[in-house]
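A.B. asks: the sequence isn't on hand, but the structure is:
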């Protein structure tokens, strides 16, 4: 954790110094939400159900795997879901952008490409989520999943899922820049479900991220088991919101690792994966999206899947039936 983020997990002189700005940010966030709810700011409702998956904290919570899981559940329920995402750090000159598994992460952003690769659903990226969602509906999607859209109130939603980091929770409980919160914790009282990546607390639904495969970056059909790397330390790289969670998951698998943390959404270069030896380098799927163009035989990807409690799928299906009945 670098820079100001070091002060977000507890009260420090720096976070207290920034407290007035945090209070102002929280007030403005609540005021903005109230203006949308009272229709003082325009919002748009689609003709199909919209499910938002997001969080109130900055940094990784396991949201992207849950979006992929949700898309799969919707398909099993008979829907034709589409996913809208911000396309964070994407440099496309035209938005919204239809994202495919082969789209450049430079154009669309790493998370958008990962969603296209893993979900098997149409993915549309762009800062204007309303326009992106409307494009998906025009293409035949009859349910929309909005990735990281909890604070994007221009797009009206039918259901909201807030993902919580079970380890870091809400840090020092302060809003940006004094703490990690995008909105006050009280916002969670208004969402439909709170899903915790880790040990849930009262009223929350538990979720875990389960490793499903380890495959070679340059040859995805070549797979390995964790025991295949027990000959010594391996390099582990992670440019995600919470690198420590990835490193801990590898240790749980019994691997001895040399961790290398990078900033979230890091733009990898080949040199970033050169450590002066040819020991295996293990990375997340989000990292792999940006490293495939310079993949080497000793680069490996650890795939994970979200496994929330079974009652979440049941609850979502029941609520969607209620929406269909009007």
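C.D. replies: Looks like it came in fine. Predicted model, so just to flag it, every value in this text is computed and none were measured.
A.B. asks: drop to CA atoms for contacts and neighbour counts, all remaining ones
C.D. replies: Will do.
A.B. asks: okay, now residue 78: neighbour count?
C.D. replies: Neighbours of residue 78 under the rule other C-alpha atoms under 10 Å: 9.
A.B. asks: I meant to write residue 254 there.
C.D. replies: Residue 254: 13 neighbours (other C-alpha under 10 Å).
A.B. asks: do residue 45 as well
C.D. replies: By other C-alpha under 10 Å, 14 other residues sit near residue 45.
A.B. asks: do you know how far it is from residue 111?
C.D. replies: Shown here: residue 45 relative to residue 111, a distance of 25 Å by C-alpha to C-alpha, to the nearest Å.
A.B. asks: check residue 258 too.
C.D. replies: Distance, residue 258 to residue 111, using C-alpha to C-alpha: 25 Å.
A.B. asks: more neighbours: which of the two?
C.D. replies: More neighbours surround residue 111 than the other of residue 258 and residue 111, with 24 against 14 (other C-alpha under 10 Å).
A.B. asks: just the element for residue 279, please.
C.D. replies: Residue 279 belongs to no helix or strand when assigned by DSSP states H and E.
A.B. asks: now it: closest residue in space, sequence neighbours ignored.
C.D. replies: Take residue 279 and drop its neighbours on the chain: the residue closest to it by C-alpha to C-alpha, 6 or more residues apart in numbering is residue 234, 5.8 Å away.
A.B. asks: need the pLDDT of that neighbour.
C.D. replies: Residue 234 carries a pLDDT value of 93.
A.B. asks: what's opposite it in the beta bridge?
C.D. replies: residue 257 (DSSP bridges).
A.B. asks: my guess is it contacts residue 260, does it?
C.D. replies: No: look at residue 234 against residue 260 with C-alpha atoms under 8 Å: they stay out of range, at 10.7 Å.
A.B. asks: where along the stretch 51-200 of the chain do the strands fall?
C.D. replies: Along the stretch 51-200 of the chain, the stretches classed as strands by DSSP state E, counting those that start in this stretch are 81-85, 97-99, 123-125, 143-147, 159-165, 193-197.
A.B. asks: next, count neighbours for residue 230.
C.D. replies: Residue 230: 12 surrounding residues under other C-alpha under 10 Å.
A.B. asks: correction: the previous question concerned residue 186.
C.D. replies: Neighbourhood size, residue 186 [other C-alpha under 10 Å]: 8.
A.B. asks: can you mark which positions in stretch 19-33 are buried?
C.D. replies: 19, 21-23, 25-26, 29, 33 (16 or more other C-alpha atoms under 10 Å).
A.B. asks: gap between that stretch and the chain center?
C.D. replies: Its chain's average C-alpha position is 24 Å from that of stretch 19-33, according to C-alpha atoms, centre = their mean, to the nearest Å.
A.B. asks: got a list of contacts for it?
C.D. replies: With contact meaning C-alpha atoms under 8 Å, 6 or more residues apart in numbering, stretch 19-33 is reached by 153, 174-179, 182-184.
A.B. asks: could you redo the last one with a cut-off of 10 Å?
C.D. replies: Outside stretch 19-33, the residues within contact range by C-alpha atoms under 10 Å, 6 or more residues apart in numbering are 11, 13, 15-16, 34, 37, 39-41, 151-153, 174-187.
A.B. asks: weed out the non-buried ones from these.
C.D. replies: Going by neighbour count (16+ other C-alpha under 10 Å), those have 11, 15-16, 151-153, 174-184 buried.
A.B. asks: mutual contacts of residue 234 and residue 260, please.
C.D. replies: Common neighbours of residue 234 and residue 260 (criterion: C-alpha under 10 Å, 6+ apart): residue 281.
A.B. asks: separation between residue 136 and residue 99?
C.D. replies: 11 Å.
A.B. asks: so what sits against both of the two?
C.D. replies: In terms of C-alpha under 10 Å, 6+ apart, residue 136 and residue 99 are both contacted by the residues 83-84, 122-124.
A.B. asks: for those, which one is nearest residue 91?
C.D. replies: residue 124 (14.3 Å; C-alpha to C-alpha).
A.B. asks: tell me the bridge partners for that closest one.
C.D. replies: Per DSSP bridges, the residues bridged to residue 124 are residue 84, residue 98.
A.B. asks: number the chain from 40, please
C.D. replies: In the new count, where the first residue is 40, that last one comes out as residue 163.
A.B. asks: so how far is residue 97 from it?
C.D. replies: Residue 163 is 23 Å from residue 97, where distance means C-alpha to C-alpha.
A.B. asks: who has more neighbours, those two?
C.D. replies: A count of neighbours by other C-alpha under 10 Å puts residue 163 above the other of residue 163 and residue 97, at 30 against 15.
A.B. asks: check the more buried one and give its pLDDT.
C.D. replies: For residue 163, the predicted pLDDT is 98.
A.B. asks: just the strands in the stretch 240-365 of the chain please.
C.D. replies: 244-255, 258-263, 273-277, 296-300, 320-323, 338-347.
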